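**Student:** what shape does this take:
(one chain, ligands or ions: 2)
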Amino acid sequence: MRELQKKSCSKLILMLSVMGLLISGLWSNGAEAMEKQKEKKTAILLSAFGTSIPEAQSVFRNVEKMVRERFPNTEVRWAYTSSIIRKKLAAQGQILHSPEMALAQLMEDGYTHVAVLSLHFIPGKEFHDLMANARFFEQMAGGFDRVVVAWPLLSSHDDFVRVVEAVMAHIPKTRRPEDAVILMGHGSEKHPADAIYSAVDVEFKKKDPLIFVATVEGHPTLDDLIPLLKKNRVKKVFLMPFMSVAGDHARNDMAGDDPDSWKSLLTKEGYEVIPVLEGMAGYPEIVNIWLDHLQEAMKNL
Ligand SMILES: C[C@@]1(CC(=O)O)c2cc3[nH]c(cc4nc(cc5[nH]c(cc(n2)[C@H]1CCC(=O)O)[C@@](C)(CC(=O)O)[C@@H]5CCC(=O)O)C(CC(=O)O)=C4CCC(=O)O)c(CCC(=O)O)c3CC(=O)O
Ligand SMILES: [Co+2]
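**Tutor:** Ligands and ions are numbered 1, 2, ... in the order given. All right, here's what the predicted structure looks like:
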């Protein structure tokens, strides 16, 4: 009797373990099938600080054209990181999403992998806010499988060298070697990334002692440059926005007629001043640096 009981017990254990295996197999196939249902759907989110100046926005069309050429058959969407500019545009009837709104919409539309390109110059405040939002959307339950943020323009020494070459290729041909070129960066006095402007200035000086980087809201300042212009007996100064767009800062703080614009201050110091109102996102060599950063991010999706 005991023998019989032992046999039926082991049969029962065998049956239960086979059933267990079957259920777990079914379960994992089911989950796999679910996963398959959510097959990879990739999008690119272009995130600029933004501008409320229509002419300045036109360079962003150039960026989008180059993105679509480099990454065909991929959804491309826009976001502006500046809440002030988004509000200004909304009042003019132009709706631009914030990165968080754009990401929420992409999730809603079933995208599973998103590469976010920071069309900023430095990994400053705007960039870090963008990173935080992307991280949140990646960790959110039921959210994306992957969200990768591509570095802003000035993110490595190699970038600095490439940016120097790109800018020098776009300095007006009328500039003579004895003329100074002052690049107006935005600056970020509240963020350590502000130091990047000084680092890029060093790279410019290796190529040309009369190309200077200064900033609106950081360091170096325009005041830092005045003694250097004097020491080099400069007579003429070209002003160029070291920004993706020739927007409000370029048109007003750099080239405006207000007494405290860089053009007015330098004219008062006795210099002949030539403002150049071109956003650097209009220069293909600059956009290709951003696209290389985007390519890197796409590889990590
Ligand atoms: C945090 C803040 C300063 C603070 O308050 O601390 C800040 C920070 C930075 N702005 C940067 C870029 C630009 N700022 C503008 C323009 C404006 N910037 C303004 C405010 C602020 N800018 C505060 C946040 C307010 C918010 O978030 O909404 C506006 C709204 C008000 C004003 O300043 O007058 C003015 C309206 C212009 C208009 O109405 O159109 C433009 C466009 C243009 O010039 O037109 C560009 C793109 C330049 C380009 O295209 O490259 C960068 C460098 C990013 C990079 O690395 O590229 C940083 C630094 C960083 O991110 O660290
Ligand atoms: Co600003």
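**Student:** and the stretch 51-200 of the chain, which residues reach ligand 1?
**Tutor:** On the criterion CB under 6 Å from any ligand atom, ligand 1 has as its neighbours in the stretch 51-200 of the chain the residues 51-53, 82-85, 88, 120-122, 124-126, 152, 186, 188, 190-191. Quick note: C-beta positions are derived from backbone N, CA and C, even for glycine.
**Student:** which residue is the nearest non-sequential neighbour of the closest residue to ligand 1 within the stretch 151-300 of the chain?
**Tutor:** Shortest the stretch 151-300 of the chain-to-ligand 1 distance, computed as CB to the nearest ligand atom: residue-wise this is Gly247, at 2.1 Å. Distance criterion CB to CB, 6 or more residues apart in numbering; nearest residue to Gly247, sequence neighbours excluded, is Thr51 at 3.5 Å.
**Student:** and what of Ile95?
**Tutor:** Closest residue in space to Ile95, ignoring its immediate chain neighbours: Leu89 at 7.3 Å, by CB to CB, 6+ apart.
**Student:** quick one: buried residues of the strand or helix carrying that neighbour?
**Tutor:** Here Leu89, judged by DSSP states H and E, is contained in helix 83-91. Going by neighbour count (16 or more other CB atoms under 10 Å), the buried part of helix 83-91 is Ile85, Arg86, Lys88, Leu89.
**Student:** closest to the centroid, which residue in this structure?
**Tutor:** Ser118 (1.3 Å; CA atoms, centre = their mean).
**Student:** beta partners for it?
**Tutor:** Beta-bridge pairing for Ser118 (DSSP bridges): Ser47.
**Student:** does it really touch Leu154, like I thought?
**Tutor:** No: under the criterion of CB atoms under 8 Å, Ser118 makes no contact with Leu154, lying 10.8 Å away.
**Student:** count of residues packed around Gly282?
**Tutor:** Applying other CB atoms under 10 Å, we find 19 residues neighbouring Gly282.
**Student:** that one contacts Asn62, doesn't it?
**Tutor:** Yes: using CB under 8 Å, Gly282 is in contact with Asn62, at 5.6 Å.
**Student:** what's in contact with the strand or helix carrying Glu100?
**Tutor:** Using DSSP H and E, Glu100 maps to helix 99-108. With CB atoms under 8 Å, 6 or more residues apart in numbering as the test, helix 99-108 has contacts from 43, 45, 47, 75, 77-79, 81, 97, 114, 116, 130, 133-134, 136-137, 143-144, 147.
**Student:** pull out the buried residues from those.
**Tutor:** Neighbour-count burial (16+ other CB under 10 Å) applied to the contacts of helix 99-108 gives 43, 45, 47, 77-79, 81, 97, 114, 116, 130, 133-134, 137, 143-144, 147.
**Student:** could you list which of those belong to strands?
**Tutor:** Ala43, Leu45, Ser47, Arg77, Trp78, Ala79, Val114, Val116, Val147 (DSSP state E).
**Student:** tell me the spacing between the second one and Asp194.
**Tutor:** The one in question is Leu45. Applying CB to CB, to the nearest Å, the value for Leu45 to Asp194 is 26 Å.
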